[in-house]
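Visitor: sequence-free structure coming up:
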């Protein structure tokens, strides 16, 4: 197990390295550099033009005249060692203070979404495999297809519309107006939970559909296996036969997909955040990218990717703990 | 081919008479795939729907009654018009839509369009209207449209805030969004085949490296990264270049599924006797891969290509929806839906969401077709 753990740990660092290089490329891609954009901003906001020597000084100060590899090393070591993500153009303050607690709200949304996904997909998948070709089975398949085919933002708008017309309250945002500025308290936490379900459902539909199909298919394969018949023959109660044998195997792919689930939910979050006006990291990412505030955008991309990398790592470990074949093999 | 008798396990096989059995034995692999595919109703519906979409892609300008930039200032944010054969003034063999009159709303002082049931605009087919260049090719100029009205305007899906005819926009957007899928799938096809082919055939450290690369690409948040790349593109780029840049980005990210499939199939085929025979006969690596191994799993490759379409379509829609993807004058489904971002749109102008129906239908069609093809892909199972 220790060997397996170490292997995965090293792999995680390689992934982090590749991701950070890719994000650094994104940051560097737009024409012009920090100094150019600084001069441009200054010109627009105050009308004062920045002299060429000032630009050179800026470049010197931020190390922009160094080769790209050195700039990358500076950028990533500032982040890893000192938590310094650089400055945001948009807000003119350090990136880390702009992001603040938003990444935690994103993680809360991801956690809620994955909980709802599993809470729906696992029981429904088992049900539709046990009662194949029943009305419930067809309904589950149909809902699955719809969940796959409808773009996330459409689902978000529809839920928003229903919550306004039927429930009389807006489902947008993550907090009620009186809690937005308030500090953290139990009441604010409860308020957050009440708002969390809409983005959680919206972001979870595609995953739910996918897992539902996977569980159903695996269950159908496993239910016909001889060991299930043997268990029945030994007189074990039916519910115990189902839960202890085929369900256990059907849960394997779910656990192995945990990391990708985190990735998918994170990937969908900016668009849904825009429609539901959620004050989380994805929303900030969009604003930053639309204004080409690349340090802010890059920082959020890096945080999101890191969350996913950790998610993949955790799901690998869980799978290794569940399934000795993976732990002992050269996975 | 070599395992031809396994078909006897097939339940449909038992009901065949001798002549049909002979036909079955002599059928080619693709005939068997087609016979099996044909039995799946949902997949056939999907294929037919995609056929319709292909017609729209091919003849978008012809089907659209107006050009993408034509405005109807007398009918801003107007609801869809019904095609009628009769109204209180009697029956007409030629279908028509009612005309509109504009007047100022006494309370909000906005110009509003009101349907005037006394005016009839009759629908005519193959009319001359807005000039266009077919697929933007200069030589292919025309002004022929499949349908139009004799006077006034017809808006089957209503109009947007600026007065664009939504039906025409949707037709043109269908072409853009689906061709993005086609070009992206082609790029990822070449990438997947090359990378998967190298990994599976040569193995060793190259395989290890490609495997890690695939794992890496699968565990990054795709859409936010696309957004990052799209935002990094210079703003002064012409729309055509942005279009191609976006397709290339999609293609560079979506090849992983195909590469994994190609790799695993090649690994299992590598030790087959007929591959060994080809190698002893002195065939080159590329010839062995292309002529001896690929044909054994072409059907699986097609399945993977079909099921990767929806991801590209949805990714493009999401990107354009948040204004980081395509921009007007290029019209895509995402660009059209960008105008329908908020809750007011649902209440005031629900017809702005008609393009969503197209997105969802296209995605569903690809999923159904993919499912059917997957079942039919291996006719010897």
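Guide: Good, I have the coordinates. Just so it is clear, the structure is predicted and the values come from calculations on it, not from any experiment. Numbers count the residues shown, from 1 in each chain, chains lettered A, B, ... in the order given.

Visitor: for the chain, give me the ranges with low pLDDT.
Guide: Picked chain A for this. Residues of chain A meeting the criterion pLDDT under 70: A:32-35, A:37-38, A:41-45, A:47-50, A:61-64, A:167-173, A:177-182, A:325-331.

Visitor: hmm, I had chain B in mind actually
Guide: Chain B contains residues with pLDDT under 70 at B:1-17, B:108-111, B:379-381.

Visitor: would you map the strands across it?
Guide: For chain B, the strands defined by DSSP state E occupy B:84-87, B:90-104, B:111-133, B:141-149.

Visitor: so which of those strands is the most packed in?
Guide: Of those, the one with the most neighbours on average (mean count of other C-beta atoms under 10 Å in any protein chain shown) is strand B:141-149, at a mean of 16. Just so you know, the C-beta spots here come from the backbone N, C-alpha and C atoms, and that holds for glycine as well.

Visitor: tilt between that strand and strand B:90-104?
Guide: 110 degrees (axes from the mean of the first three to the mean of the last three C-alpha atoms, to 10 degrees).

Visitor: can you pull the buried residues of stretch B:292-303?
Guide: For stretch B:292-303, burial by neighbour count (16 or more other C-beta atoms under 10 Å in any protein chain shown) applies to B:292-294, B:296-297, B:299-303.

Visitor: that older thread, columns distance to chain A on top of the strands of chain B, output as JSON lines?
Guide: Shown next, in JSON lines, are these (distance: least, C-beta to the nearest C-beta, whole Å):
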{"stretch": "strand B:84-87", "distance to chain A": "30"}
{"stretch": "strand B:90-104", "distance to chain A": "28"}
{"stretch": "strand B:111-133", "distance to chain A": "23"}
{"stretch": "strand B:141-149", "distance to chain A": "28"}
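
Visitor: among those, which is nearest residue B:176?
Guide: The closest of the strands of chain B to residue B:176 is strand B:111-133. By C-beta to C-beta, the value is 14.7 Å.

Visitor: from the chain's centroid, how far away is that closest one?
Guide: Mean-position distance between strand B:111-133 and its chain equals 29 Å (C-alpha atoms, centre = their mean, to the nearest Å).

Visitor: and the angle for that strand with strand B:141-149?
Guide: Between strand B:111-133 and strand B:141-149, the angle comes out at 140 degrees (the same axes, to 10 degrees).

Visitor: packing partners for strand B:111-133?
Guide: The contact analysis (3 or more C-beta pairs under 8 Å, 6 or more residues apart in numbering or on different chains; DSSP states H and E) places strand B:111-133 against strand B:90-104, strand B:141-149.

Visitor: look at residue 165 and say how many residues are nearby.
Guide: Just going to use chain A. When neighbours are defined as other C-beta atoms under 10 Å in any protein chain shown, residue A:165 has 11 of them.

Visitor: that's the other chain; I wanted chain B
Guide: For residue B:165, using other C-beta under 10 Å, the count is 27.

Visitor: residue contacts, it?
Guide: Residue B:165 is in contact with B:64-66, B:70, B:72, B:153-155, B:157, B:159, counting by C-beta atoms under 8 Å, 6 or more residues apart in numbering or on different chains.

Visitor: need the contact list for the residue lying closest to it once chain neighbours are set aside.
Guide: The shortest distance from residue B:165 to any non-neighbouring residue, by C-beta to C-beta, 6 or more residues apart in numbering or on different chains, is to residue B:66 (4.7 Å). Listed by C-beta under 8 Å, 6+ apart, the contact partners of residue B:66 are B:72, B:129-130, B:145, B:153, B:165, B:168.

Visitor: farthest pair in the residues you listed?
Guide: Using C-beta to C-beta, the contacts of residue B:66 span at most 14.9 Å, a distance reached by B:72 and B:145.

Visitor: can you show me the helices along the stretch 151-300 of chain A?
Guide: A:152-165, A:186-223, A:226-233, A:238-244, A:246-256, A:258-276, A:281-290, A:294-322 (DSSP state H, counting those that start in this stretch).

Visitor: which parts of the last one are buried?
Guide: Of the residues in helix A:294-322, A:294-309, A:311-313, A:315-317, A:319-320 count as buried by neighbour count, 16+ other C-beta under 10 Å.

Visitor: is it correct that residue A:203 is in contact with residue A:272?
Guide: Yes: counting by C-beta atoms under 8 Å, residue A:203 touches residue A:272, with 5.9 Å between them.

Visitor: between the two, which contacts overlap?
Guide: With C-beta under 8 Å, 6+ apart, residue A:203 and residue A:272 have common neighbours residue A:152.

Visitor: so which of these two has more stuff around it?
Guide: Taking other C-beta under 10 Å, residue A:203 and residue A:272 do not tie; residue A:203 has more neighbours (30 against 26).

Visitor: so how far is stretch A:141-154 from its chain's centroid?
Guide: Worked out by C-alpha atoms, centre = their mean, stretch A:141-154 lies 19 Å from the chain centre.

Visitor: now swap in stretch B:295-302 and tell me
Guide: Distance of stretch B:295-302 from the chain centroid (C-alpha atoms, centre = their mean) equals 21 Å.

Visitor: count of neighbours near residue 279?
Guide: Here I'm looking at chain A. Neighbour count for residue A:279, taken as other C-beta under 10 Å: 15.

Visitor: you looked at the wrong chain, it should be chain B
Guide: When neighbours are counted by other C-beta under 10 Å, residue B:279 comes out with 14.

Visitor: next one: the one 4 residues further on
Guide: If you count neighbours by other C-beta under 10 Å, residue B:283 ends up with 16.

Visitor: and the residue of the stretch 51-200 of chain B closest to chain A?
Guide: Going by C-beta to the nearest C-beta, chain A is nearest to residue B:177 of the stretch 51-200 of chain B, at 11.6 Å.

Visitor: for stretch A:90-99, buried residues please.
Guide: Of the residues in stretch A:90-99, A:90, A:94-96, A:98-99 count as buried by neighbour count, 16+ other C-beta under 10 Å.

Visitor: so after the strand or helix carrying residue A:81, what's the next helix or strand?
Guide: Of the helices and strands defined by DSSP states H and E, residue A:81 is found in helix A:68-82. Where DSSP H and E defines the elements, the next helix or strand beyond helix A:68-82 is helix A:95-99.

Visitor: related to what we said a few turns ago, counting contacts, what elements does the helix holding residue A:81 pack onto?
Guide: helix A:2-28.

Visitor: can you tell if the helix it packs on touches chain B?
Guide: Yes: Helix A:2-28 lies within reach of chain B by C-beta under 8 Å from any C-beta of the partner chain, at A:11, A:14-15, A:18-19, A:22-23, A:26-27.

Visitor: can you give the contact residues for the helix holding residue A:81?
Guide: If you take C-beta under 8 Å, 6+ apart as the criterion, helix A:68-82 is touched by A:20-21, A:24, A:27-28, A:63-64, A:66, A:84-86, A:299, A:302.
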